[in-house]
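# Take this sequence and fold it.
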Amino acid sequence: MISSDTLLRIAPWSRHLKPEEIDAASAGIVERSFAANEHIFLRGDQFDYWTGIVSGLARMSTVSRGGKATTFAGMSAGAWFGEGSVLKNEPRRYDVVALRDTRAALMERQTFMWLFENSVGFNRFLVTQLNERLGQFIGLVEVGRTLDATARLARSIAALFNPILYPNTTRHLEITQEEIGALSGLSRQNANQCLKTLERDGLLRVEYGGVTVLDLDRLRCYGD
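Numbering: from 1, shown residues only. Now for the predicted structure:
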């Protein structure tokens, strides 16, 4: 279990819970560390935990039978995911791998379902979360089918600034070009070229160990 203070720090959704709900949630969560390139879970796993990223960065993706890899989303600190699989009590339909050393919070399904059945605040959060995730995935289909590499990279970075899915993100992202490429489905070299284009266009600034977003609105619609 974790303390209630820790829960309030790592899970913004918990701030809408009643005191007894915070206690129940805290009692049902453990934290675990994952090394870079280690899977948090694999497609097909019966992984009975709702998961939050405490620190680090993870990628949600899948590989088709033909070997084609598809990245669904990046998961930075403050992101919680997997509620659909927990609600349906089904095996995972995607892989989640840590792109760097990552610490995750794991809420057991029994606790998740208790909150689902008893907490109005938690249910309000879930409805908002599921709606935002659906919008993210619909956008992913559009990006993958209609946009070039630079636009895909721009949208991948912009997606990390969704205030509902990633509430702890600031305008400066501590992220490497290799990690940006991994989230965009590009090689490091191609990601570097795309970042230079976006920097020349005044949308972001490439810095040591990360990027600073200068124009988020333009980044979100780049390529339209």
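
# what about the strands in the protein?
Ranges of strands in the chain, per DSSP state E, are 29-34, 39-41, 49-55, 57-63, 69-76, 80-81, 95-98, 102-108, 172-173, 204-207, 210-213.

# average pLDDT across the first one?
Looking back up the chat, that one is strand 29-34. The pLDDT scores in strand 29-34 average 97.

# Make TSV from the strands of the chain and add mean neighbour count to it.
Bear in mind the C-beta positions are built from the backbone N, C-alpha and C, glycine included. Output for these, formatted as TSV (neighbours: other C-beta atoms under 10 Å):
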stretch	mean neighbour count
strand 29-34	16
strand 39-41	19
strand 49-55	22
strand 57-63	19
strand 69-76	21
strand 80-81	22
strand 95-98	22
strand 102-108	20
strand 172-173	18
strand 204-207	16
strand 210-213	18
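
# Lowest average pLDDT across those?
Across the strands of the chain, strand 69-76 gives the lowest mean pLDDT, at a mean of 82.

# and the angle for that strand with strand 57-63?
Here the directions of strand 69-76 and strand 57-63 differ by 160 degrees (axes from the mean of the first three to the mean of the last three C-alpha atoms, to 10 degrees).

# And strand 69-76, what does it pack against?
strand 57-63, helix 120-146, helix 149-159, helix 177-184 (3 or more C-beta pairs under 8 Å, 6 or more residues apart in numbering; DSSP states H and E).

# ok, now how distant is the residue lying closest to residue 105 once chain neighbours are set aside from residue 2?
Closest residue to residue 105 apart from its sequence neighbours, by C-beta to C-beta, 6 or more residues apart in numbering: residue 52 at 4.2 Å. Using C-beta to C-beta, to the nearest Å, residue 52 is found at 11 Å from residue 2.

# Which one, of the helices and strands packed on strand 69-76, ends up nearest to residue 168?
The closest of these to residue 168 is strand 57-63. By C-beta to C-beta, the value is 12.1 Å.

# and the closest one, which strands flank it?
strand 69-76 (antiparallel), strand 95-98 (antiparallel) (DSSP bridges).

# quick one: contacts for residue 6?
By C-beta atoms under 8 Å, 6 or more residues apart in numbering, the contact list for residue 6 reads residue 26.

# switch to 10 Å and redo it
Residue 6 makes contacts with 14, 26, 29, 31, 54, 105, as judged by C-beta atoms under 10 Å, 6 or more residues apart in numbering.

# does the third one really touch residue 8, like I thought?
In other words, residue 29. No. Using C-beta atoms under 10 Å as the test, residue 29 is too far from residue 8 to be in contact (12.0 Å).

# intersection of neighbour lists for these two?
Common contacts of residue 29 and residue 8 (C-beta under 10 Å, 6+ apart): residue 14.

# Any regions of this protein where pLDDT drops low?
Low-confidence segments of the chain, defined by pLDDT under 70: 141-146.

# At the geometric centre of it, which residue do we find?
Residue closest to the average C-alpha location in the chain (C-alpha atoms, centre = their mean): residue 75, at 2.2 Å.

# Just list whatever residues bridge to that residue.
Going by DSSP bridges, residue 75 forms beta bridges with residue 58.

# correct me, but it touches residue 100?
No. Judged on C-beta under 10 Å, residue 75 makes no contact with residue 100 at a distance of 11.6 Å.

# shared neighbours, those two?
Common contacts of residue 75 and residue 100, defined by C-beta under 10 Å, 6+ apart, comprise 56, 57, 58.

# Please name the nearest non-neighbouring residue to residue 154.
Of all residues not flanking residue 154 in the chain, residue 222 sits nearest, at 3.8 Å (C-beta to C-beta, 6+ apart).
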